[in-house]
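[1] A structural model of the following input is requested.
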Amino acid sequence: MQKLAVILIVFLTLGSFSSAKAQTSASQLQRAQDLSEEERAIRIKIAEPQKKYIKSIKVEGATLLDQDKIQKLTAPFLRHWLTQEDINIILNTIKQAYKQEGYPNQPTELHYQLKGKVLWIKIKE
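    Predicted coordinates for the structure are as follows:
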């Protein structure tokens, strides 16, 4: 009877040990999956282009182009989240407008700066 009691105690101890080990393994597996999902989310965020909300666009130094023309060119980009690519499109659109108006060598310099929610474009003609 004592042998049976000892065997039963050993069996129960081993059973609870393997159960605890299984729970630990399951929690470790869950933690690894959570970390993997967090890493995936971070990688996606890094890969996304950074966007800036642009409330207004101010253009300085343009004397050869009509202000109405400049406003029409920049209006589609107002109150939008813009990427660097979008800003480059705006700058190229302005350059093309100069060429269409008969100024193929203008502007000589075209720079931009973001200040808060305002995109400042400086043109040197």
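[2] K69 is in what secondary structure piece?
    If you go by DSSP states H and E, K69 is part of helix 67-74.
[3] which is the next helix or strand following that helix?
    strand 80-82.
[4] would you mark the buried spots in that following strand?
    Residues of strand 80-82 classed as buried: L82 (neighbour count, 16 or more other C-beta atoms under 10 Å). Yep, even glycine has a C-beta here, placed from its N, CA and C like the rest.
[5] now do it, average pLDDT.
    The average pLDDT for strand 80-82 rounds to 93.
[6] tell me how far the ends of stretch 113-121 are from each other?
    Taking C-alpha to C-alpha, to the nearest Å, stretch 113-121 runs 7 Å from one end to the other.
[7] tell me the buried residues in it?
    Residues L119, I121 are the ones in stretch 113-121 that count as buried (16+ other C-beta under 10 Å).
[8] do the same with stretch 62-82
    Result for stretch 62-82 [16+ other C-beta under 10 Å]: buried residues A62, L65, I70, L73, T74, F77, L82.
[9] ok, these vs K99, which is closest?
    L65 (11.0 Å; C-beta to C-beta).
[10] can I get the buried residues of stretch 62-82 in TSV with distance to P104?
    As requested, the buried residues of stretch 62-82 are exported to TSV (distance: C-beta to C-beta, whole Å):
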residue	distance to P104
A62	16
L65	14
I70	18
L73	18
T74	22
F77	25
L82	28
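[11] farthest-separated two in the residues you listed?
    L65 and L82 (21.0 Å).
[12] how near is L114 to R43?
    26 Å (C-beta to C-beta, to the nearest Å).
[13] pLDDT below threshold where in the protein?
    1-24, 47-48 (pLDDT under 70).
[14] which residue ranges make up each domain of it?
    1-48, 52-124 (automatic domain parsing).
[15] Y103 touches A62, doesn't it?
    No. Between Y103 and A62 there is no contact under C-beta atoms under 8 Å: 10.7 Å.
[16] please enumerate the shared neighbours of those two.
    E125 (C-beta atoms under 8 Å, 6 or more residues apart in numbering).
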